[in-house]
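**Student:** Have a look; sequence and predicted model below, questions after that.
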Amino acid sequence: MRMLLTAQMDTESANRSVSDGTMSKMIEEVVEQLKPEAAYFTVQNGQRTCLMVFDMQDSAQMPPLLEPLFHADSKIGLQPVMNLDDLRAGLGGMER
């Protein structure tokens, strides 16, 4: 299932990991694990935020995939999402 991961990093913790050089390693680890179809980095509510769209085969993947972000004091959001093709297929299967 296509999922949208939103991770807002605590500013103080993120500042430390940028300063000590561990931020890029943590991001690379997450990207390697998730293999996202899209990854974006921005600021939301004054905090460093990453948005990644990835395919999750099983909910049991959540602990190993998300643990590095929890260790970075991130607030995590995870929700199923559709792209336009998914929406078209879903709407096409509805009876009128």
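**Tutor:** Looks like it arrived, so ask away.

**Student:** Show me where the chain has its strands.
**Tutor:** Assigned by DSSP state E, the chain shows strands spanning 2-9, 38-44, 47-55, 74-80.

**Student:** possible to save these as TSV with mean neighbour count?
**Tutor:** All C-beta spots, glycine's among them, are computed from the backbone N, C-alpha and C. Formatted as TSV, the strands of the chain follow (neighbours: other C-beta atoms under 10 Å):
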stretch	mean neighbour count
strand 2-9	19
strand 38-44	11
strand 47-55	18
strand 74-80	14
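
**Student:** Output those in CSV; the columns should cover distance to residue 16.
**Tutor:** Output for the strands of the chain, formatted as CSV (distance: least, C-beta to C-beta, whole Å):
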stretch, distance to residue 16
strand 2-9, 11
strand 38-44, 18
strand 47-55, 12
strand 74-80, 13
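
**Student:** can you list those in TSV and add mean pLDDT and distance to residue 88?
**Tutor:** Compiled in TSV, the strands of the chain are given as follows (pLDDT from 0 to 100; distance: least, C-beta to C-beta, whole Å):
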stretch	mean pLDDT	distance to residue 88
strand 2-9	96	14
strand 38-44	97	19
strand 47-55	96	17
strand 74-80	96	16
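
**Student:** Contacts only, for residue 75.
**Tutor:** 7-8, 10 (C-beta atoms under 8 Å, 6 or more residues apart in numbering).
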